[in-house]
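Novice: coords please:
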Amino acid sequence: MGMLVFLLANFLLVLPSRYVGSGALFGYLPPRLAFLGMALILPGMALAAALGARTFRTPVKRGTRVGAGVGAMIGFSGFFALEWLATALGFAQRDQAFRLVLFPDLGGTLAYYAFVPLTLVATGLAIYALYSKNPDFGRRLRLAALGAVLAALAGLGVVATDFDFLGVLGALVSTLAAAIGGYVSGAGYARAGGNDMIPPGASIQPRPTRPRKPR
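Specialist: Residues are numbered from 1 along each chain as shown. Modelled structure (predicted):
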């Protein structure tokens, strides 16, 4: 559901640009982010199933905030990961969605080689923070924040190396749209694990069981 909201938000956020100027942002961004959404939706469903099965429940307010933060990180890193792959694999010659080349001089630079390790470490920290059964939320938050910093460095390194105005706008829209989708996902994260996964000392009330209706 969060991924569907991400795709809808990305379309609605750039829709006004269709009628402003040349409409370049609308021409390239929705297809690109649709590509990103399709690439993430199946692994995202698998991770969501694991998340619901093994993580502690959390208050809705915290869950939606965490969801928005992680979503923003995914949207930001995912956008730059697409551009990195487009440079590395020559997507401009293979796919119509990448006919507009962003950050064309990225290849072979320090930012190009640093992007993958920084992003992988950031992803690992975020996943560990989400899936750990450690009830110490502060420690998990610090790990996620460190991951967000590394992801930001990887993306900002690309921008600093080969600034592209449309690319920056695309990254901002992707980040915002994914934060909205993550907020929706966070509402489900708040219910993860059911009554058996209420952390020690939490004020969360167990969900009442519904009596089965006689057939």
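
Novice: go ahead and flag the most central residue of this structure.
Specialist: The centroid of the chain falls nearest to Ile74 when counting by Cα atoms, centre = their mean (2.1 Å).

Novice: just to check, that one is in contact with Ala178?
Specialist: Yes. Applying Cβ atoms under 8 Å, one finds Ile74 in contact with Ala178, separated by 5.2 Å. C-beta here means a position set from N, CA and C on the backbone, and glycine is covered the same way.

Novice: what comes up buried for the lowest-mean-pLDDT helix or strand in the chain?
Specialist: The weakest-scoring helix or strand in the chain, judged by mean pLDDT, DSSP states H and E, is helix 24-54 (a mean of 77). Within helix 24-54, the residues scored as buried using 16 or more other Cβ atoms under 10 Å are 25-26, 28-33, 35-37, 40, 44, 48, 51-52.

Novice: for stretch 175-187, same thing?
Specialist: The neighbour-count check on stretch 175-187 (16+ other Cβ under 10 Å) flags Thr175, Leu176, Ala177, Ala178, Ala179, Ile180, Gly181, Gly182, Tyr183, Val184, Ser185, Gly186 as buried.

Novice: send the alpha carbons of it over as CSV?
Specialist: What follows is stretch 175-187, C-alpha atoms only, in CSV (Å, rounded to 0.1, in the frame of the first residue of the first chain):
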residue,chain,number,x,y,z
THR,A,175,12.0,11.9,-1.4
LEU,A,176,8.7,13.7,-0.6
ALA,A,177,6.6,11.1,-2.4
ALA,A,178,8.3,8.2,-0.7
ALA,A,179,7.9,10.0,2.7
ILE,A,180,4.2,10.1,2.1
GLY,A,181,4.1,6.4,1.1
GLY,A,182,6.3,5.6,4.2
TYR,A,183,3.9,7.5,6.4
VAL,A,184,1.1,5.2,5.2
SER,A,185,3.3,2.1,5.7
GLY,A,186,4.2,3.3,9.2
ALA,A,187,0.5,3.0,10.2
